[in-house]
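Student: Fold the following, please.
(one chain, ligands or ions: 2)
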Amino acid sequence: MRRIGIMGGTFDPIHYGHLIAAEEVRQLFSLEKVIFIPAKIPPHKVGVQMSDPEDRYMMVFLATLDNPYFEVSRIEIEREGISYSVDTVKQLRKDLDEEVEMFFITGMDIVLDLQSWKSPKELLSLCRFIAVTRSGYSLSLLKERLPQEFLEKIDVVEIPSPPISSTEIRNRVKVGKSIRYLVPSLVENYIKRRRLYLI
Ligand code: ATP
Ligand code: MG
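Tutor: Ligands and ions are numbered 1, 2, ... in the order given. Prediction:
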């Protein structure tokens, strides 16, 4: 059966933390590819100011260009309304039109709130969850937070993830600090050209 990874996010902007996580999981789970899916409106960020979806999409496109195993999808950008993962996975299954095993890659911070997602049980029945370690979020916290029936369907993977976040990158740009080595240079140039994160 085909094994495909999907990595959703706001990607405002995409950074090396995302890329390293995807590449590690791809290798560990022998995935054919990882599809990055920028959210149009992330459910946990409704009402929060963020960059235009097209800018976020473009940065993911540029960041993934040199990896033949990475793709970027417009599935959530093209869909109206809040971008619920369960809707995306169902739509992807339909579009792929064949038997595939899907691996939903997230950071530990995101998976902690899985119970508040739309239809989490249905989502867990449609794909396997891979939670990658992220600094500040421990495995014990996950075990405290989620019921056993959820934990059984989540694999936790320790990765050499740099302690980077998009929030920190936006803050650095705002105060004129360098973001070199935190994001691919094509993304750095795009941020400069489009004058993102200055206010
Ligand atoms: P923000 O600070 O704006 O929330 P972020 O860095 O958390 O941005 P998101 O787009 O929110 O990036 O995250 C998309 C996915 O990538 C989430 O599952 C998140 O947990 C994961 N992720 C983000 N940064 C890292 C990192 N440094 N290491 C591992 N996973 C990460
Ligand atoms: Mg985040």
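
Student: who in this structure is up against ligand 1?
Tutor: With Cβ under 6 Å from any ligand atom as the criterion, the chain meets ligand 1 at residues 9-12, 17-18, 21, 106-107, 109-110, 132, 134, 161-162, 164-167. Every residue, glycine included, has its C-beta placed from N, CA and C.

Student: Any quick PyMOL command for the buried ones out of those residues?
Tutor: The PyMOL selection below is limited to those of the residues of the chain next to ligand 1 classed as buried (16 or more other Cβ atoms under 10 Å):
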select buried, resi 9+10+11+12+17+18+21+106+107+110+132+134+161+164+165+166
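
Student: For the closest residue to ligand 1 within the chain, name its beta-bridge partners.
Tutor: Relative to ligand 1, the nearest point of the chain is Gly107 (1.9 Å; Cβ to the nearest ligand atom). For Gly107, the beta-bridge partners under DSSP bridges are Val132.

Student: Any idea how many residues pack against Arg194?
Tutor: Neighbourhood size, Arg194 [other Cβ atoms under 10 Å]: 14.

Student: could you check the distance from the closest residue to it other than its chain neighbours over to Lys143?
Tutor: Nearest non-adjacent residue to Arg194, counting by Cβ to Cβ, 6 or more residues apart in numbering: Asp55, 5.9 Å away. Counting by Cβ to Cβ, to the nearest Å, the separation of Asp55 from Lys143 is 38 Å.

Student: Show the contacting residues for the residue of the chain closest to ligand 1.
Tutor: Counting by Cβ atoms under 8 Å, 6 or more residues apart in numbering, Gly107 makes contact with 17, 21, 131-132, 134, 137, 161.

Student: The residues of the chain next to ligand 1 in strands, which ones?
Tutor: Residues of the residues of the chain next to ligand 1 located in strands (DSSP state E): 9, 106-107, 132.

Student: just the helices in this protein please.
Tutor: With DSSP state H as the criterion, the chain has helices at 16-28, 53-64, 75-78, 85-96, 108-111, 120-126, 139-145, 148-151, 166-174, 185-193.

Student: Worst mean pLDDT among those helices?
Tutor: Mean pLDDT is lowest for helix 139-145 among these, at a mean of 90.

Student: How about residues contacting it?
Tutor: Outside helix 139-145, the residues that reach it (Cβ under 8 Å, 6+ apart) are 108, 111-112, 131, 133, 151, 154, 156.

Student: likewise stretch 51-69?
Tutor: The contact list for stretch 51-69, computed with Cβ under 8 Å, 6+ apart, reads 10-14, 18-19, 23, 26, 31-34, 36, 38-40, 50, 70-72, 74, 77, 183-184, 186-187, 190-191, 194, 196-197.

Student: Going through those, which ones are buried?
Tutor: 10-14, 18-19, 23, 26, 31, 33-34, 36, 38-40, 50, 70-72, 77, 183-184, 187, 190-191, 196-197.

Student: mind listing what Ser165 touches?
Tutor: Ser165 touches 15, 17, counting by Cβ under 8 Å, 6+ apart.

Student: Many thanks, I have nothing further to ask.
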